[in-house]
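Participant: got a sequence here, can you model it:
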Amino acid sequence: MTQKKKPALSTQIFIALLLAIGAGIALTGNPDFATNYIKPFGTIFLNLIKWIVCPLVFFSIMAGVVSMRDIRKVGAIGGKTVVYYLCTTAFAVAIGLFFANIFKGTFPVLSTTDLKYEPSATSVNFMDTLVNIFPSNFVKPFVDANMLQIIVASLLIGFALIMVSEKFDNIDFQAVEIMNEICMKVMEMILRLSPVGVFCLLCPVVAVNGPSVLGSLLKVLLVAYLCYIIHAVVIYSASVSVLGGMSPLTFFKGMMPAIIMAFSSASSVGTLPLNLECTEKLGADREVASFVLPLGATINMDGTAIYQGVCSVFIASCFGISLTFPQMLTIVLTATLASIGTAGVPGAGMVMLAMVLQSVGLPVEGIALVAGVDRIFDMGRTVVNITGDASCAIVVSNSERRKKA
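Facilitator: The predicted model follows:
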């Protein structure tokens, strides 16, 4: 008797997504049940991911660095990665501004007296961001889940290990590789719970907001999602096809489990373990993916950049303000650079939006207009963020292979 084959993880996650939407709609009359009894299990799932993601990033990047055994090679890959991320982020915010300006005539002009918002976000200048990249304590970055500091620490130790290996001929990096494998195995165990996690995370969102979740913000949400789709289909398809040597259909099909997870969790960092698995299955070199993806989860925010562009135009329109071309250029620059200091966690885009609004003199209290449905924006922009990270891993892997050939 043959054993029945278990559905693929992507199929299980998709089924969980559909069930979550159906259950959420059914529970719209009783959202407290979804919030109090279903959401906690989703929180447990996210907590497990958050628990493993810091050591995973630390040992993954370190293993990626030492596997290259050449600091110049690390620098070359790092340079390509940062340039790719900055270019795609600039494209993203430009696309957001372009389409938002096309549709801005449909955005309402509201009375400012209707807006009541106390911003919790504070403006962070470039020098503060630069200083905060470098850790002052070995343990604190892990306690605070500060990904930029963890990345810097792993790079420094990785570089030190390469330099020490030049002094001691017999040294190997087996300990680093073992720790990385342990983190990967724990990650695989947690990812088996993905269908349950997706259901428990998405169901309460639908139950609380109900079918009328979009409300008067339907147009700006549609513009944002139009930009998300265009950026993913055009920019990433062109990148993986021309620079990565891969069919866009193959790429998006292979990325589907990570895309569904990103949409449900709205966390780039939380989706990182599954993103690593998907890109490796697509053929990205492990040493490249283990370096590029954790870096991208921290500094590559294409979806968030689109959100900045669309929401800036929307908020300006609601206040009866027309953005000038220099202001739009400032938004592009600020959103591109600010993405480096934005955490890959749910809601981080709101902090970044406050910075962008301040950079062009728009009222920060305008965030109140989009705060109610920020989670809906966040789900789409996280999908774009993690897909951009994966496309970079494919492109850089292909570039390194061609260099060796």
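Participant: how about low-confidence regions in the stretch 101-250 of the chain?
Facilitator: 108-126, 128-129, 147-148, 168-172, 209-217 (pLDDT under 70).
Participant: all helices for it, in order.
Facilitator: Taking DSSP state H, counting those that start in this stretch, the helices of the stretch 101-250 of the chain run over residues 126-132, 140-144, 147-167, 174-191, 194-209, 218-230, 237-238, 248-265.
Participant: what sits against the residue nearest to the spatial centre of the chain?
Facilitator: What sits nearest the mean C-alpha location of the chain, by Cα atoms, centre = their mean, is S268, with 3.2 Å. Contact analysis of S268 by Cβ atoms under 8 Å, 6 or more residues apart in numbering lists A262, G296, A297, M301, G344, V345, T382, N385, I386, D389. All C-beta spots, glycine's among them, are computed from the backbone N, C-alpha and C.
Participant: quick check: pLDDT value at it.
Facilitator: Note for S268: predicted pLDDT of 79.
Participant: now G303
Facilitator: Listed pLDDT for G303 reads 86.
Participant: quick check, it in contact with T382.
Facilitator: Yes. Contact status for G303 versus T382: in contact at 6.2 Å, counting by Cβ atoms under 8 Å.
Participant: give the rounded mean pLDDT of stretch 84-97.
Facilitator: For stretch 84-97, mean pLDDT rounds to 87.
Participant: please read the previous query as pertaining to stretch 48-68.
Facilitator: Regarding stretch 48-68, the rounded mean pLDDT is 77.
Participant: what are the buried residues along that stretch?
Facilitator: 48-49, 52-68 (16 or more other Cβ atoms under 10 Å).
Participant: ok, stretch 314-323 next?
Facilitator: F314, I315, A316, S317, C318, F319, I321, L323.
Participant: widest-spaced pair of those residues?
Facilitator: Comparing all pairs in those by Cβ to Cβ, the longest separation belongs to C318 and L323, at 12.4 Å.
Participant: top of the contacts of S268 by neighbour count?
Facilitator: When the contacts of S268 are compared by neighbour count (other Cβ atoms under 10 Å), M301 ends up highest, at 35 neighbours.
Participant: okay, and which of the buried residues of stretch 314-323 map to helices?
Facilitator: Among the buried residues of stretch 314-323, the members found in helices (DSSP state H) are F314, I315, A316, S317, C318.
Participant: just put these in a markdown table and tack on distance to F252 and pLDDT.
Facilitator: Shown next, in a markdown table, are these (distance: Cβ to Cβ, whole Å; pLDDT from 0 to 100):
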| residue | distance to F252 | pLDDT |
| --- | --- | --- |
| F314 | 28 | 85 |
| I315 | 32 | 82 |
| A316 | 33 | 84 |
| S317 | 33 | 82 |
| C318 | 35 | 77 |
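Participant: now, which of those sits nearest V240?
Facilitator: F314 (30.8 Å).
Participant: show me the contacts for the nearest residue in space to F173 that is not next to it in sequence.
Facilitator: Once flanking residues are discounted, F173 sits nearest to V66: 4.4 Å by Cβ to Cβ, 6 or more residues apart in numbering. Counting by Cβ under 8 Å, 6+ apart, V66 makes contact with G158, L161, I162, S165, F173, V176.
Participant: how about low-confidence regions in the stretch 251-400 of the chain?
Facilitator: Under the criterion pLDDT under 70, the flagged ranges of the stretch 251-400 of the chain are 335-352, 354-355, 358-359, 364-366, 368-369, 371-373.
Participant: what ranges does it have for its helices?
Facilitator: Taking DSSP H, counting those that start in this stretch as the criterion, the stretch 251-400 of the chain carries its helices at 268-281, 286-299, 302-318, 325-338, 348-359, 368-371, 374-404.
Participant: just name the most buried of those helices.
Facilitator: Neighbour counts (mean count of other Cβ atoms under 10 Å) averaged over each of the helices of the stretch 251-400 of the chain peak at helix 302-318, with a mean of 29.
Participant: mind saving the C-alpha coords of that helix as CSV?
Facilitator: Provided in CSV are the C-alpha atoms of helix 302-318 (Å, rounded to 0.1, in the frame of the first residue of the first chain):
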residue,chain,number,x,y,z
ASP,A,302,11.5,48.5,-2.3
GLY,A,303,7.9,47.9,-1.2
THR,A,304,8.3,50.4,1.7
ALA,A,305,9.8,52.9,-0.8
ILE,A,306,6.7,52.6,-3.0
TYR,A,307,4.5,53.1,0.0
GLN,A,308,6.4,56.3,0.9
GLY,A,309,5.9,57.7,-2.6
VAL,A,310,2.1,56.8,-2.8
CYS,A,311,1.3,58.0,0.7
SER,A,312,3.3,61.2,0.4
VAL,A,313,1.2,62.2,-2.7
PHE,A,314,-2.0,61.0,-1.0
ILE,A,315,-1.4,62.9,2.2
ALA,A,316,-0.3,66.1,0.3
SER,A,317,-3.5,65.9,-1.8
CYS,A,318,-5.7,65.5,1.3
